[in-house]
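Student: The following block contains a protein sequence and its predicted model.
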2 protein chains.
Amino acid sequence: MLTINPKEVSIPVLNSYLQGAVAPRPIAFASTIDKEGNVNLSPFSFFNVFGTNPPTLIFSPSRRVRDGSSKHTLDNVLEHDEVVICMVDYAMVEQMSLASCEYEKGVNEFQKAGFTEGVSVMVKPPRVAESKAVFECKVKQVIQMSEEGGAPNLVICEVVLAHFSEDILGEDGKIDQTKTDWVARLGGDWYCRASGNALFEVAKPSIHKGIGVDAIPDFIKNDKSFTGNDLGRLGNIEKLPTQDEIDLFIKMQTHEDYNELAKILLKEGKIKEAWMALIYSNGYKSGSAD
Amino acid sequence: MLTINPKEVSIPVLNSYLQGAVAPRPIAFASTIDKEGNVNLSPFSFFNVFGTNPPTLIFSPSRRVRDGSSKHTLDNVLEHDEVVICMVDYAMVEQMSLASCEYEKGVNEFQKAGFTEGVSVMVKPPRVAESKAVFECKVKQVIQMSEEGGAPNLVICEVVLAHFSEDILGEDGKIDQTKTDWVARLGGDWYCRASGNALFEVAKPSIHKGIGVDAIPDFIKNDKSFTGNDLGRLGNIEKLPTQDEIDLFIKMQTHEDYNELAKILLKEGKIKEAWMALIYSNGYKSGSAD
């Protein structure tokens, strides 16, 4: 391992490691206004949701690493305590990047980046009409951690109204993750797109707790052909199948190599079936791990 | 657009929309200890970096939506003000998910999930030895926003020592984004993997500001075959090429359809060349957008 003491490296070097490691980061495309009503639009990836009650989004227009100067977005939320946070999908990413240019104060990045100003309902700053998820927010608190370059500025926001495009909703009216195509920031110039092969599902552990990897018998744990993900899936079963279940399962099979069958079943997320194949194949006495 | 007023829907419904929209979220796999030294390991996707000076990570073990109860991780950081935050790659994801089971207080999720405890250098909680980026942190402040279900609890951490596996470093010693394979949380049971086709680069706008989409001539803006991303790239040029540059460029070309050529060049990130093809093709007087 490369070990880095933050006090012993420069801020830009530290910044590079933090941004490369804490990733992918969601992007807040933040629309704000100053006290004269001039609009600013700028993206921030030091951002996330932190809870639902109250619905809390936090982003950090951190002080510039090179000179400690503050960004217009920070100045604006201190002058007018509202912000509209718009999510960014792949179709918007080049225009969003253009909006991150350091244009002079008073320049409207909606115009520079070619986005459409949509009227907000409960706050004054406009929304990005092209964005498929929009949060109208009140700024509850701004915590400025120092005035040095790279200093975090926590803009703590409460969502007062949210808008979601029908384009990203499923038939049940909920957000369909296969339709969003959100983009997220990584380190350097890199981004990541949440679509296609990059998406996968992991069934949430049942409220009845998995037996755990520590309860998996050694003949499996010591078999190096099982990956950590295989062991994680096997450990997530609540209890092992009974001998009757195994007997019935085996009667239905035509497969010959039950260890191989178990690996296929694991990949398909059929955890109980994988256990039945493994127990039968290895003559393990079912119930021992209960 | 579907419009939702947070005060008019249930917390679980609101939670589902927030998690589906604010995504992909990086994952903090947090190792903590209670005052007796019992270890806890649990993943949190209400998490991000917020600045470099001081190096600040914040995660939220929010109160459970169903009953407002607090998580062991929150109890632990209030008893012992240190945490080791480990990043999660694809190879660890099923075991990480298993660690999110609600095991009884005192159960060590390193053992249940089959991870190896690595000794930390500057803090007491152990690190996940399988993790390829590890942050040893002091907890500077815990902000509990309420005691209701879904309430955010901000655990504000300062990184005191960081470790990075050689597996994710490039030849320059920096993190190579194509090697990390980080995973991030989306809504529901969905995750996203930062690797393969999901990765892409967008060159940061130059410090010399792009001309902006508003300065792109109408013959391009009104041509619906250009996407928003095409316009964003074109607007990101600092100034248009000169007539001499265009003449020289055209002499070197064998392509016949310069509008088509411009689109190919844009896809390749050759912005200036795309502009030269477009200006030549449309008889636009270069320099007019300066």
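Tutor: Looks like it came in fine.

Student: SS state for A:S97?
Tutor: helix (DSSP: H, G, I helix; E, B strand; the rest coil).

Student: Give me the pLDDT value at it.
Tutor: Here the pLDDT value assigned to A:S97 is 95.

Student: Break down the stretch 51-200 of chain A into its strands, ranges please.
Tutor: In the stretch 51-200 of chain A, the strands defined using DSSP state E, counting those that start in this stretch lie at A:55-59, A:82-86, A:117-118, A:127-128, A:133-144, A:153-164, A:183-185, A:190-193, A:199-201.

Student: Now do stretch A:239-252, average pLDDT.
Tutor: Across stretch A:239-252, the average pLDDT comes to 91.

Student: Just the C-alpha atoms of stretch A:151-167, please, in CSV.
Tutor: As requested, the backbone C-alpha atoms of stretch A:151-167 are provided in CSV (Å, rounded to 0.1, in the frame of the first residue of the first chain):
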residue,chain,number,x,y,z
ALA,A,151,-11.6,24.4,2.4
PRO,A,152,-15.0,22.7,2.5
ASN,A,153,-18.1,24.9,2.6
LEU,A,154,-21.1,22.8,3.5
VAL,A,155,-24.3,24.1,2.0
ILE,A,156,-27.0,22.2,3.9
CYS,A,157,-30.2,22.2,1.9
GLU,A,158,-33.8,21.1,2.7
VAL,A,159,-35.8,20.0,-0.3
VAL,A,160,-39.1,21.8,-0.4
LEU,A,161,-40.3,20.5,-3.8
ALA,A,162,-39.1,17.8,-6.2
HIS,A,163,-39.7,17.2,-9.9
PHE,A,164,-39.1,14.0,-11.8
SER,A,165,-39.4,13.6,-15.6
GLU,A,166,-41.7,10.9,-16.8
ASP,A,167,-38.7,9.7,-18.9
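
Student: Let me know the average pLDDT across it.
Tutor: pLDDT averaged over stretch A:151-167 gives 97.

Student: rewinding a little: need the strands of the stretch 51-200 of chain A in TSV (columns: mean neighbour count and distance to B:M1).
Tutor: For the C-beta atoms, the positions are set from N, CA and C on the backbone; glycine is no exception. Formatted as TSV, the strands of the stretch 51-200 of chain A follow (neighbours: other Cβ atoms under 10 Å in any protein chain shown; distance: least, Cβ to Cβ, whole Å):
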stretch	mean neighbour count	distance to B:M1
strand A:55-59	26	17
strand A:82-86	26	12
strand A:117-118	18	9
strand A:127-128	26	10
strand A:133-144	20	8
strand A:153-164	23	4
strand A:183-185	26	20
strand A:190-193	24	23
strand A:199-201	15	24
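
Student: Go through those and name the closest to B:M96.
Tutor: strand A:199-201 (13.2 Å; Cβ to Cβ).

Student: okay, now the domains of chain A?
Tutor: A:6-198, A:213-282 (automatic domain parsing).

Student: Is the last one positioned near chain B?
Tutor: Yes - Domain A:213-282 comes into contact with chain B (Cβ under 8 Å from any Cβ of the partner chain), by way of A:213-214, A:216, A:221, A:227-233, A:235-236.

Student: Could you do stretch A:7-15 as well?
Tutor: Yes - applying Cβ under 8 Å from any Cβ, one finds stretch A:7-15 touching chain B at A:I11, A:L14, A:N15.

Student: Now do the same for the closest residue to A:I246 other than its chain neighbours: its pLDDT.
Tutor: Taking Cβ to Cβ, 6 or more residues apart in numbering or on different chains, and ignoring the residues beside it in sequence, A:I246 has A:M276 as its nearest neighbour in space, at 4.7 Å. Reading off the confidence values, A:M276 has pLDDT 94.

Student: coming back round to it: what is the nearest of the residues of stretch A:7-15 next to chain B to chain B?
Tutor: Checking the residues of stretch A:7-15 next to chain B against chain B with Cβ to the nearest Cβ, the nearest one is A:N15 at 4.5 Å.

Student: so who does that closest one touch?
Tutor: A:N15 makes contacts with A:V65, A:G150, B:T52, as judged by Cβ atoms under 8 Å, 6 or more residues apart in numbering or on different chains.

Student: Ramachandran angles for A:I33?
Tutor: Torsion angles at A:I33 (phi, psi; degrees, to the nearest 10) stand at phi -130, psi 150.

Student: and it, how far is that from A:S69?
Tutor: According to Cβ to Cβ, to the nearest Å, A:I33 and A:S69 sit 20 Å apart.

Student: Tell me who's in contact with A:Y90.
Tutor: Per Cβ under 8 Å, 6+ apart, neighbours of A:Y90: A:D181, A:W182, A:V183, A:R193, A:S195, B:N229.

Student: isn't the fifth one right next to A:T178, touching?
Tutor: In this case it means A:S195. Yes - applying Cβ atoms under 8 Å as the test, A:S195 and A:T178 come out as touching, 7.4 Å apart.

Student: Pick out whichever of those two has more residues nearby.
Tutor: Between A:S195 and A:T178, counted using other Cβ atoms under 10 Å in any protein chain shown, the more crowded position is A:S195 (19 against 14).

Student: Name the nearest residue to that one, ignoring sequence neighbours.
Tutor: Once flanking residues are discounted, A:S195 sits nearest to A:D181: 4.5 Å by Cβ to Cβ, 6+ apart.

Student: contacting residues for that neighbour?
Tutor: A:D89, A:Y90, A:A91, A:R193, A:A194, A:S195.

Student: so what's the backbone phi/psi at it?
Tutor: Torsion angles, degrees, to the nearest 10, at A:D181: phi 60, psi 40.

Student: Next one: it from chain B, what distance?
Tutor: From A:D181 across to chain B, the span is 11 Å (Cβ to the nearest Cβ, to the nearest Å).

Student: ok, A:E94 to B:E245 distance?
Tutor: Separation of A:E94 from B:E245 (Cβ to Cβ): 23 Å.

Student: which one of those two has more residues nearby?
Tutor: Using other Cβ under 10 Å, the more surrounded residue of A:E94 and B:E245 is A:E94, with 24 against 16.

Student: For that one, which non-adjacent residue is spatially closest?
Tutor: B:G232 (2.8 Å).

Student: Do I have it right that the one you found meets A:G114?
Tutor: Yes - in this structure B:G232 lies within contact range of A:G114 using Cβ under 8 Å: 7.1 Å.

Student: more crowded one of those two?
Tutor: Between B:G232 and A:G114, counting by other Cβ under 10 Å, B:G232 is the more crowded of the two (27 against 22).

Student: That one is in what secondary structure piece?
Tutor: helix B:228-235 (DSSP states H and E).

Student: quick one: average pLDDT of that helix?
Tutor: Averaged over helix B:228-235, pLDDT sits at 95.

Student: Mind checking what helix or strand follows it in sequence?
Tutor: That would be, after helix B:228-235 and using DSSP H and E, helix B:243-251.

Student: buried stuff in that next one?
Tutor: B:E245, B:I246, B:F249 (16 or more other Cβ atoms under 10 Å in any protein chain shown).

Student: just checking, what packs against the helix or strand following it?
Tutor: Downstream of helix B:243-251, the next assigned helix or strand under DSSP H and E is helix B:258-267. Applying 3 or more Cβ pairs under 8 Å, 6 or more residues apart in numbering or on different chains; DSSP states H and E, we find helix B:258-267 packed against helix B:228-235, helix B:271-282.

Student: what comes into contact with helix B:258-267?
Tutor: Here helix B:258-267 has contacts from B:223, B:225-226, B:230, B:233-234, B:253, B:255, B:271, B:273-275, B:277-278, B:280-282, using Cβ under 8 Å, 6+ apart.

Student: tell me the angle of it relative to helix B:243-251?
Tutor: Computed by axes from the mean of the first three to the mean of the last three Cα atoms, to 10 degrees, the angle separating helix B:258-267 from helix B:243-251 equals 100 degrees.

Student: same for chain A: which of the contacts of helix B:258-267 are within range?
Tutor: By Cβ under 8 Å from any Cβ, the members of the contacts of helix B:258-267 lying near chain A are B:D230, B:R233.
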